[in-house]
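*Asks:* Generate a structure from the sequence data that follows.
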Amino acid sequence: MFDYIIVGAGSAGCVLANRLSANPNHTVCLIEAGPADHSPWIHLPIGYGKTMWDPKVNWKFNTESDPGMNGRNIYWPRGKCLGGSSSINGLIFIRGQKEDYDHWASLGNEGWSWDDVLPYFKKAEGNDRLGAPLHCQDGPLRASSIKKKHPLVEAFIASANQLGVPKTEDFNNLEQEGVGYFQLSTHNGLRCSAAVAYLKPIRSRKNLTIITNAQASKVLFEKRKAIGIEYIQAGQRYSIKALREVLLSAGAIQSPQLLQLSGIGPTPLLQEFGIPVLFDSPGVGENLQDHLQYRLIYELNQNISTNSQLSSLLGKIQIGLDWLLFRSGPLSIGINQGGLFTKVMPQSKTPDIQFHMATLSADMAGGQIHPFPGFTMSVCQLRPESRGHVRIGSPDPLVAPKMMANYLSTQHDRDTSVAAVKFARQIAQTNPLKNLIQREISPKNSRYDEDLLQFCRNNGATIFHPTGTCQMGPDHQANAVLDSKLRVRGVTNLRVVDCSAMPTVPSGNTNWPAVMLGEKASDLILSERH
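*Replies:* Next comes the predicted model:
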């Protein structure tokens, strides 16, 4: 029996475990379906090329056949270990635009404006270079700058400058537009996951219990009061009780799945699988949003890409020595170094697309490195209109839910995607980057807008940011699953604290925003106990 039970040791769950157990009078239990984060590939920044496909630490989900993707099933990697997806992600340190959070507040979510959330972003942040008023340097989640300039990234920046995109030293400023180097969630050449930042320093707390390899199967209730969790470990079912609250931080796929399995969701869906309806909540699993990326690949006319280093024994030795001796080089950085945010649609008031510029090329993210020197420009639409859903396909909690993203289901999303790919090609055709390129590998031979749209349909892939499936909203909003304090409507003592709570996806990578949710939710929970 515990005061608080947290389901999911991902980006938000680790924060909750830290902040709620800081008071020695609170007993806290953190349940994680995966193992501890012992794999060295988790901690080496470049290792996510390995963890991207490792079933020991990755759920390896696939969506349903998506009409917008010409019927393809899209691979969705999600973290399954301490740290969750923060242990296998691309390390990009982005919080989104000021306007994203002001939009949340305008939808009726009191307390979620930019001014409301900025203190929690700063509370989490340990920046190696940037400080007040927008940044902080002593928070647990470390943000490191890329110190060694790369000729490919420098050329990418200069070519974007030629097209009117200004150089920036901080994508997390009040003005997001710009091109430059990302900051990364690393420290001393190692990944700084939520588990490293928030769990590792407190593992010895006597009031914190961490249970790994334990998959939650349902929330336990007395009438409509959440009183605990049932979980499965090594084929056996166990139950534990919560005296105060149950907090779901299982992510945008599995938090709605767990609610549905527990009788909270759309009545027709629950009845289809014989699940007694505790509370009819039509929005559970709906409003799914994700960033869809398109990878443009180019072969270089000189050996300056990371491909060249990784394809030779001498290059591998040099990479290893750089990391061992100086905690620098590709092993310490990961894959994507350069970033860009800009507008391609005439009606957009703030950046509507984002680039991840990688100094290597491969068949797919985390796939086989190409034998030639190459690089990749990935571009995604920041605020898609398309909405999908997550719905159970079985009453068995060990069966993955059905995920339908409905990518490119609106004309605006299709138009923005084509414009994004065209802009990426413009960058590649502008000096000095143009002078480094031997040939375009993908989207080869696509000349017209319809060709480029088919390229998007045939090659688009997730950039790993599913959100919105348990969205918060005001009482009058029919599909709002949570109130503005992240409490599940229709029941008591139950909250959802993860990316599923977001009404709209932030304009950028979602790890830092998920950590912010954990920080703010911790304050909300603790303030109600005084």
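*Asks:* Give me the number of neighbouring residues for residue 477.
*Replies:* 16 (other CB atoms under 10 Å). Backbone N, C-alpha and C define where each C-beta goes, glycine included.
*Asks:* Give the residue spans of the stretch 351-500 of the chain that score low on pLDDT.
*Replies:* Scanning the stretch 351-500 of the chain for pLDDT under 70 picks out the ranges 365-366.
*Asks:* Okay, strands next: where are they in it?
*Replies:* Taking DSSP state E, counting those that start in this stretch, the strands of the stretch 351-500 of the chain run over residues 353-358, 374-381, 389-391, 402-404, 437-442, 461-462, 494-496.
*Asks:* Next, the angle strand 374-381 makes with the first one.
*Replies:* Between the axes of strand 353-358 and strand 374-381, defined by axes from the mean of the first three to the mean of the last three CA atoms, to 10 degrees, the angle is 160 degrees.
*Asks:* Same question for the fifth one.
*Replies:* Angle of strand 437-442 versus strand 374-381, following the same axes, to 10 degrees, is 50 degrees.
*Asks:* Use 16 as the first number from now on
*Replies:* Got it, the first residue is 16 from now on, which makes the last one we talked about strand 452-457.
*Asks:* mind listing what strand 452-457 pairs with, with the direction of each?
*Replies:* strand 307-315 (antiparallel) (DSSP bridges).
*Asks:* what about dumping the CA coordinates of the strand it pairs with to CSV?
*Replies:* Presented in CSV, the C-alpha positions along strand 307-315 are these (Å, rounded to 0.1, in the frame of the first residue of the first chain):
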residue,chain,number,x,y,z
LEU,A,307,5.2,13.1,-39.7
GLN,A,308,8.8,13.4,-41.1
TYR,A,309,10.2,13.2,-44.7
ARG,A,310,13.8,12.2,-45.1
LEU,A,311,15.7,13.7,-48.0
ILE,A,312,19.0,12.0,-48.7
TYR,A,313,22.0,13.2,-50.6
GLU,A,314,25.3,11.8,-51.6
LEU,A,315,28.3,14.1,-51.1
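*Asks:* Compare the strands of the stretch 366-515 of the chain and report which one is nearest to residue 74.
*Replies:* strand 417-419 (10.8 Å; CB to CB).
*Asks:* Output the longest strand belonging to the chain.
*Replies:* Ranked by number of residues, the top strand in the chain under DSSP state E is strand 251-263.
*Asks:* Only the buried residues of that strand, if you could.
*Replies:* If you call a residue buried by 16 or more other CB atoms under 10 Å, then strand 251-263 has these buried ones: 255, 257, 259, 260, 261, 262, 263.
*Asks:* Equivalent analysis for stretch 528-545, please.
*Replies:* Neighbour counts over stretch 528-545 (16+ other CB under 10 Å) mark 528, 529, 530, 531, 532, 533, 534, 535, 536, 537, 539, 540 as buried.
*Asks:* surely the third one meets residue 156?
*Replies:* By that I understand residue 530. Yes: contact criterion CB atoms under 8 Å: residue 530 and residue 156 qualify, at 5.7 Å.
*Asks:* joint contacts of these two?
*Replies:* 139, 209 (CB atoms under 8 Å, 6 or more residues apart in numbering).
*Asks:* hmm, back to that, could you redo the buried residues of stretch 528-545 as CSV and give each row secondary structure and pLDDT?
*Replies:* Shown next, in CSV, are the buried residues of stretch 528-545 (DSSP: H, G, I helix; E, B strand; the rest coil; pLDDT from 0 to 100):
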residue, secondary structure, pLDDT
528, helix, 98
529, helix, 98
530, helix, 98
531, helix, 98
532, helix, 98
533, helix, 98
534, helix, 98
535, helix, 98
536, helix, 98
537, helix, 98
539, helix, 97
540, helix, 97
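*Asks:* For stretch 218-234, C-alpha coordinates in PDB please.
*Replies:* The C-alpha coordinates for stretch 218-234 follow below in PDB (Å, rounded to 0.1, in the frame of the first residue of the first chain):
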ATOM      1  CA  ARG A 218      17.200   5.600  -5.900                       C
ATOM      2  CA  SER A 219      18.200   5.200  -2.200                       C
ATOM      3  CA  ARG A 220      15.100   6.900  -0.800                       C
ATOM      4  CA  LYS A 221      13.300   4.400   1.500                       C
ATOM      5  CA  ASN A 222       9.900   5.800   0.700                       C
ATOM      6  CA  LEU A 223      10.300   5.100  -3.100                       C
ATOM      7  CA  THR A 224       9.600   1.600  -4.500                       C
ATOM      8  CA  ILE A 225      10.400   1.000  -8.200                       C
ATOM      9  CA  ILE A 226       9.000  -2.200  -9.800                       C
ATOM     10  CA  THR A 227      10.300  -3.100 -13.200                       C
ATOM     11  CA  ASN A 228       9.200  -5.600 -15.800                       C
ATOM     12  CA  ALA A 229       5.600  -5.100 -14.500                       C
ATOM     13  CA  GLN A 230       2.900  -4.200 -17.000                       C
ATOM     14  CA  ALA A 231      -0.200  -2.400 -15.600                       C
ATOM     15  CA  SER A 232      -3.300  -4.200 -16.600                       C
ATOM     16  CA  LYS A 233      -6.000  -2.000 -15.100                       C
ATOM     17  CA  VAL A 234      -6.900   0.600 -12.600                       C
END
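*Asks:* Distance from it to the middle of the chain?
*Replies:* Mean-position distance between stretch 218-234 and its chain equals 23 Å (CA atoms, centre = their mean, to the nearest Å).
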